[in-house]
Structure formats: structure tokens, C-alpha cells
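Q: how would this look folded up:
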Amino acid sequence: MMKNNFFLVLFLLGGLFTITAQETPAKAVELNEVSIVKVKKAVEQKADRTIFDFANQPSLNSGSVLEGIKKLPGLIASDIAGMMYQGKQLDVYLDGRPLNITTNELNSFLEGMPANAIEKIEIITQPGAEFPATSGGAIMNIITNANAKKYLSATYTNSTNVTSYDRLRWRVNNSLLLSAKNKYFGWQLNLGQSYYESTLFTSLTKNENNASSILSATNADRIGRTNFVKSALTFDLGKDRLLLNYDLNYSNNSSNTIGNGVGFTTNDDSFTDGLRQDFVVTYQKKFDDKAKKLEFKFNFKDSQNDFILNSRINNTSILDNASDQKLYNAKVDYSQPIAFSDEGKLSFGALYESLLFEAQNMNVVNLDYQRQTIAAYGELQTKFKKFNFIVGGRAEDYNISGKTNTAALIPFKQFRFFPNASAQYNFDDAIYFNVNYNKKISLPSTTSLNPNNTNYQNPNVDYTGNPNLQPTIFDNYEVKLSAFDYAFIGYNVSSAKNQVVNRVLLTNDVVVNTSVNVPEIKVHNFNIGMPIPYMLFTEGLKETMKMNVNPDTMNFLYVYTAYQYHQIPDIKTNGFWMFNLMSQIVLPKEIKFIANFNYMFPKGNYFYFIVEKPMRNTVDLTFSKKFFKGQVSLSVSADDIFNSNRTVVSSYNTPLLLSNKSDSRRFGFSVNYKIPTKNKLAKEDPSLLNKEKKEESEGTLNQ
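A: Okay, the predicted model is just below:
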């Protein structure tokens with residue numbers, strides 16, 4: 001009876017994509033080769049992170065990265081207040097390296113990146129000592145790398161979509177991935193482009209003394225163009241490896257905005273050029289003991305941005321702002337197993353980082369900002385019976401200084417120690433209970449510091465940065481019970497001092513958007529997720545227990561819900577609920593039908609904003625099928641089919657109501673084509689083709 005109950009729990013909790021072997025009659029055979037197939041999971045829960053597979057999820061990879069991210073359960077992507085996952089503010093990384101941009105610039109960057117160029121997204125909710133203490137509350141690591149196999153491989157992907165709000169608008173993404181590996185080196189080249197048309201309707205209303213007036217109403221017709229190149233070389237130097245990465249991303253966006261409000265009418269054109277270059281050199285020292293690792297890495301990143309706003313009515317330039325950010329990063333990491341624990345290891349390392357940021361207004365430098373960080377860390381992981389323990393600490397020394405064109409910035413010169421600890425009890429190989437604590441710091445992004453406006457403005461709307469923002473100190477606590485990757489229940493609280501938040505204030509009918517430090521904020525988050533196989537309702541419990549689970553033919557409903565409460569001293573705040581339902585039904589001809597429903601209840605506080613109408617209110621549908629033995633994948637999608645996704649919030653202690661609506665209803669298709677390739681190596685050793693699913697190849701983009 002106990003055994004049957006255990007397998008029932010296994011089936012219910014692991015029902016989403018959990019794999020059990022199909023039974024086959026036993027017979028004696030001679031095995032010439034054994035291939036172990038590694039199956040990628042749609043969602044993978046680890047003690048410190050949650051991993052979402054994008055490459056094999058048509059419902060996520062049919063549009064832009066931003067559109068896919070917004071569908072992840074537990075994640076809030078707000079144009080106003082940034083990104084948050086399960087109550088934690090996210091620091092966004094790309095291939096393991098921080099982007100150091102927030103809100104509008106980040107959303108624009110992710111909107112221009114095609115989701116079919118992404119392999120997976122890691123959300124690291126409990127960054128250990130090996131991660132910079134500046135990771136703040138949590139990290140979202142967007143991973144674009146793919147594996148290079150021992151023969152030439154080529155994959156072409158395209159997604160074409162159309163939105164239909166007031167008129168038809170097109171969005172097209174194309175990407176070509178080439179990779180190969182031989183005895184001496186591997187290489188990879190990923191080329192892509194993105195073109196999207198979109199519209200955004202925004203209104204700012206003042207409700208005061210039982211009367212309302214529209215301070216600003218705008219209609220922005222936007223065009224985004226992005227081109228990117230990601231290249232990598234890997235050299236085998238005896239046992240060691242040398243990796244070279246170079247990434248280039250260029251965006252050229254334009255917008256025509258028609259606005260009106262109290263005392264004005266405008267018709268403006270804006271142009272934004274962004275150039276990002278990222279170069280990385282990595283040397284990996286190999287040892288006879290594969291569990292021992294030594295890595296040296298140097299990273300240089302240069303990000304340039306130009307923003308121009310012109311008035312068609314007056315034929316004059318309103319804004320001409322530019323910025324240039326250079327980042328130098330050098331680090332060393334070492335880890336080795338420890339003798340007294342089979343699964344234990346000791347890790348330590350050091351880092352030096354320098355960031356230089358310069359902002360210009362009308363060719364006049366009005367912010368010169370420098371930041372240097374020196375850090376060292378140590379961390380111990382060990383196992384004792386059914387317990388896993390992690391304890392570590394990171395010491396960081398900061399030297400932050402700078403000046404505007406009128407005064408020097410408030411300097412920040414401090415040495416701080418950041419401890420972390422984790423304990424996990426393993427009830428079973430797939431069921432565990434985990435408690436975590438870590439202290440982190442979040443340094444203000446240069447986007448928040450920039451005193452120049454890089455957004456649309458009119459006589460009643462202004463955006464401005466705050467060069468004197470101070471770092472935020474976080475104390476993060478979490479308890480979590482997880483089972484079979486997909487079922488979990490958890491509670492976490494993040495206590496922040498000097499939290500940087502977005503504020504919208506009203507002064508003499510002028511709406512000012514800026515960032516401020518809040519002395520103390522606590523964010524509480526309770527969340528639960530559970531997969532439910534449909535066969536429980538159609539076949540009953542008894543018949544369900546007899547079935548073997550095949551993830552390609554399984555019908556299920558995944559239920560996620562979370563309650564979040566932002567606690568701000570001296571302010572009465574309300575929490576809010578979020579829901580996500582995701583259903584998969586396998587139709588005839590192996591066609592997969594996936595439906596997503598998201599909903600965030602109103603009247604809760606999101607920092608200093610009060611949600612007045614439901615947010616993330618969307619229904620998304622996707623049909624997908626593979627052809628020619630998986631060589632071609634086709635998906636057809638319809639997002640926000642009821643056109644109900646909008647943001648309507650009020651700003652605390654002001655009479656303001658903010659509303660925006662984009663053309664979020666989208667219809668389109670996505671094609672992934674693994675181009676057949678012929679080469680001598682594949683012909684000479686055809687067994688390599690048979691071993692393709694073993695995934696023994698080594699990555700080249702991010703190691």
C-alpha cells in the first residue's frame with residue numbers, strides 16, 4: 001500500500017514532463033553501443049535556481065524574449081517598475097554576464113532579441129558566494145549558447161507575427177546558427193535580426209476635487225530594428241581549454257508620438273541607436289580529477305547609446321542625449337572535491353571590476369561616474385546523510401565616485417562582508433525541503449543614475465535619473481518544499497535597506513518619473529505550483545496508476561499561484577494574488593496544443609503603485625508539430641486573444657492615474673529548420689550521427 005501511494009505522489013507531482021521507462025519484454029541481446037539520452041525538462045528546480053527551457057517550448061519562443069519572459073509563472077515584467085520574480089527584484093544577466101540596464105532600456109533590448117535565439121533562462125533565487133554580491137535579490141541569466149558537435153550543424157529559425165490593434169503591424173525575427181568541432185578546436189557563429197512594429201497608448205489623468213483632467217495622452221507608433229552576431233572559438237590546449245567570445249548587438253529604433261494634454265499638442269519623432277560589444281577570454285585548467293576546476297576569465301564590454309527627440313511642429317531638437325559605458329572584469333575561480341564528503345566541494349576565487357560611465361546632454365558631459373570593485377569569496381558544500389549544506393562568504397571593497405557638471409556625487413567607499421548559508425533535507429531523490437539565507441547588495445544601474453532623459457517627454461511629462469542614488473543592502477530568507485521539479489510550495493522574504501524604486505510624482509501639473517532610495521522595504525512572497533494530469537479525470541485513479549507516462553503524449557494542467565505583499569514603513573499597503581494556468585493537450589497527428597492564462601488581481605501595492613485594474617490578464621494559445629523526424633518544427637500562436645493585457649495603476653500620495661495599452665494581441669508562426677549538412681567527417685565516422693542525442697559535445701559560447 002505504501003509503495004502504491006509513493007508512486008501516486010510521483011505521478012501527480014512529476015506529471016508535467018516526468019519520464020518513466022516504457023516496459024519491454026526481456027530478452028538476451030548483444031549491445032555494441034549504449035547511448036544515454038539526456039532529456040531536457042521544460043522546468044527544472046534546483047536548490048538555488050529554477051531553469052526554464054526556451055529552445056523546446058513553442059509557447060515561449062515564438063516571439064521576442066520579452067514576450068516569452070512575461071509568460072513565465074511567478075515573474076512580473078513591468079514597464080514601470082522593472083522585473084521581479086517571486087517577490088525578488090531581478091538583476092538581468094546575458095550568458096553569465098550582467099547587462100547593467102533596467103526598465104525601459106532593458107525592455108527595449110529584450111523586445112529586440114528573438115526568443116528563438118535563446119536556449120534557456122535560469123532564475124537564480126539564492127545566489128551563492130561565487131556570484132557577485134551585487135546580484136541583489138535574484139539573478140535572471142539568459143543563456144543563448146548551443147553545443148558544437150563533431151560535425152558541421154546548421155539551424156535556421158524564423159518567426160513572423162502580426163498585431164491587430166488599430167491596424168496591422170509586422171514583427172519578423174530571423175536567426176542562423178552554425179557550429180562545428182574537430183580534434184583541435186570548435187567554433188560557433190550565430191547571426192540574426194529582428195524587426196518589429198508596435199504601438200503604445202498612454203494616458204496620465206489627474207483626479208482631484210471630484211474632477212478629472214488629462215495631463216497627457218499619447219499615441220506612439222514605434223519601429224524597432226536589431227541585428228546581432230554571436231561568435232565563439234574553443235581551442236583544446238592539451239588537457240586545457242581556451243575560449244574566445246565576441247558578441248555584437250546593434251539596434252536602431254524610431255518612434256512617432258502624437259500627444260495632447262492640458263496646454264499642449266505635440267507631434268514628435270524619436271531615434272535611438274544602441275551599440276553593445278562584448279569580448280571574453282576564458283582559460284580553463286583541466287586536471288585528472290574532473291571535479292577539480294580552475295578558470296581565469298577576462299571580460300570587456302562597451303555599450304553606447306544615443307537618443308534624439310525632434311518636434312515636427314516646431315522643427316526643432318528637443319533632446320539630444322548620449323551615453324558610453326565601459327566595463328572591465330577579471331576573475332579567477334577554483335573548486336575541488338573534499339575528502340570527507342562524497343558530494344562536497346570547496347570553492348574560492350577573486351574578482352576585480354571597473355566600470356566607467358559618461359553621459360552627455362547636447363554634447364556637454366553632465367555625468368562622469370566611476371566604480372571599482374575588488375572581491376574574494378570562499379564556499380563549502382557538503383553532504384551528511386540526508387542533509388546538504390552550503391556555507392560561504394564574500395568580501396567586497398567598493399570605491400564609487402563621480403561628478404555632474406555642477407557638483408561632485410556622494411562617494412561610496414566601503415568594505416563589506418556578505419555571508420550565505422543553505423540547508424536542504426532530502427526526503428527522497430526528488431523531494432526536498434530547503435532553507436536559505438544570503439546578504440546581498442545592489443548597486444544602482446547607470447540607467448537609473450543617468451540625469452538625461454532617454455524617453456519621450458512633453459511639457460507635462462518628464463523622465464530624469466538620480467546620480468546620487470545609493471546602493472541597496474538585501475537580507476534574503478527562503479523556505480521551500482519541492483518535488484519532481486514541477487511541484488513546489490515556498491515562502492520567501494527580502495528585507496532591503498535603501499531600496500531603489502521608481503517614483504511618479506506630480507509638481508504643478510508636470511508628471512516626473514525618477515528613481516529614489518527608500519530607507520526600508522520588505523517584500524513577502526508565498527507561491528505554490530502543481531501539475532495535474534488530465535487522465536485522472538478521464539480514466540480515474542485506478543487506471544491512472546497503471547499507465548506509464550510519456551511526456552510527448554501527456555495531457556496536463558499546471559497550476560501556479562502566488563501572493564505578494566510589499567511592506568513599506570508608515571504606509572498602509574495591500575498584497576496581491578497572481579495566477580497562472582498552463583494546459584497541454586496532445587491532439588491527433590502529434591499536434592501539441594498549449595494554452596496559457598495569466599491574471600494578477602487589482603488593488604494591491606507594487607511598491608509605490610496601486611494596481612487599479614487586473615494586470616498580466618492574457619490568454620495565449622499555441623499549436624506546434626514536428627515534421628521529417630524532428631528536422632522541422634512549426635508552431636502557430638495567438639497571444640492575448642481577448643486583447644485584455646493592459647496596465648492601469650495609481651501613484652501613492654498623488655492624484656495620478658497612469659494607463660498604458662500596447663498592441664499585445666498577436667498572431668503568427670515560427671519555424672525551426674535543422675539544415676542537413678554533408679562533410680567528410682560525418683561520412684568517415686557515421687556513428688557520430690547515431691550518438692547525437694548523447695549530448696557529449698562541449699559548449700562554446702558560455703563555459
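Q: Grab the most central residue of the chain for me.
A: Nearest to the mean C-alpha position of the chain, by CA atoms, centre = their mean, lies M140 at 4.3 Å.
Q: What mean pLDDT does stretch 163-176 get?
A: Across stretch 163-176, pLDDT averages out at 89.
Q: chain center to it, what's the gap?
A: Put simply, stretch 163-176 sits 22 Å off its chain's centre (CA atoms, centre = their mean, to the nearest Å).
Q: How about stretch 335-353?
A: 27 Å.
Q: pretty sure the residue nearest to the centre of the chain belongs to a strand, no?
A: Yes - applying DSSP: H, G, I helix; E, B strand; the rest coil, one finds M140 inside a strand.
Q: what's near enough to touch it?
A: Contact analysis of M140 by CB atoms under 8 Å, 6 or more residues apart in numbering lists I69, M83, Y85, L90, D91, V92, Y93, I121, E122, I123, I124. Using the backbone N, CA and C atoms, a C-beta is placed for each residue, glycine as well.
Q: now do N207
A: By CB under 8 Å, 6+ apart, the contact list for N207 reads P655, L656, L657.
Q: Redo the residues you listed as a markdown table? Include pLDDT.
A: Conversion of the contacts of N207 to a markdown table gives the following (pLDDT from 0 to 100):
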| residue | pLDDT |
| --- | --- |
| P655 | 93 |
| L656 | 94 |
| L657 | 94 |
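Q: Could you pull out the helices in the stretch 51-200 of the chain for me?
A: In the stretch 51-200 of the chain, the helices defined using DSSP state H, counting those that start in this stretch lie at 65-69, 103-111.
Q: So which of the contacts of N207 sit within strands?
A: L656, L657 (DSSP state E).
Q: are any of the contacts of N207 buried, and which?
A: Buried by 16 or more other CB atoms under 10 Å: L656, L657, out of the contacts of N207.
Q: which residues are in contact with stretch 325-340?
A: Taking CB under 8 Å, 6+ apart as the rule, stretch 325-340 contacts 97, 100, 130, 289, 291-304, 344-358, 380, 382, 446.
Q: rerun at 6 Å
A: Stretch 325-340 is contacted from outside by 291-303, 344-357, 446, using CB atoms under 6 Å, 6 or more residues apart in numbering.
Q: got it, and stretch 464-478?
A: Here stretch 464-478 makes contact (CB under 6 Å, 6+ apart) with 136-137, 367, 404, 409-410, 436-444, 448-451, 492-500, 514-515, 517.
Q: Stretch 224-237 now?
A: So stretch 224-237 is contacted by 112, 184-196, 242-253, 700-701 (CB under 6 Å, 6+ apart).
Q: among those, which ones are buried?
A: Those of the contacts of stretch 224-237 that meet the buried threshold are 112, 185-190, 192-194, 196, 243-245, 247, 249-251, 253, 700-701, by 16+ other CB under 10 Å.
Q: Narrow these to those in strands?
A: 185-190, 192-194, 196, 243-245, 247, 249-251, 253.
Q: Which stretches in the stretch 1-150 of the chain count as strands?
A: Using DSSP state E, counting those that start in this stretch, the strands of the stretch 1-150 of the chain run over 43-45, 49-53, 75-78, 82-85, 88-94, 97-98, 120-124, 138-143, 147-148.
Q: Tell me which other helices or strands the second one touches.
A: Using 3 or more CB pairs under 6 Å, 6 or more residues apart in numbering; DSSP states H and E, the elements in contact with strand 49-53 are strand 120-124.
Q: Listing partners with orientation, what would you give for the strand it packs on?
A: strand 49-53 (antiparallel), strand 138-143 (antiparallel) (DSSP bridges).
Q: Can you add mean pLDDT and distance to Q325 and give these back as CSV?
A: Converted to CSV, these look like this (pLDDT from 0 to 100; distance: least, CB to CB, whole Å):
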stretch, mean pLDDT, distance to Q325
strand 49-53, 80, 27
strand 138-143, 82, 19
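Q: In the stretch 301-450 of the chain, where is pLDDT below threshold?
A: Applying pLDDT under 70 to the stretch 301-450 of the chain picks out residues 341-342.
Q: quick one: strands adjacent to the helix or strand hosting D368?
A: In the assignment (DSSP states H and E), D368 maps to strand 364-384. Sheet pairing of strand 364-384 (DSSP bridges) gives strand 345-361 (antiparallel), strand 387-404 (antiparallel).
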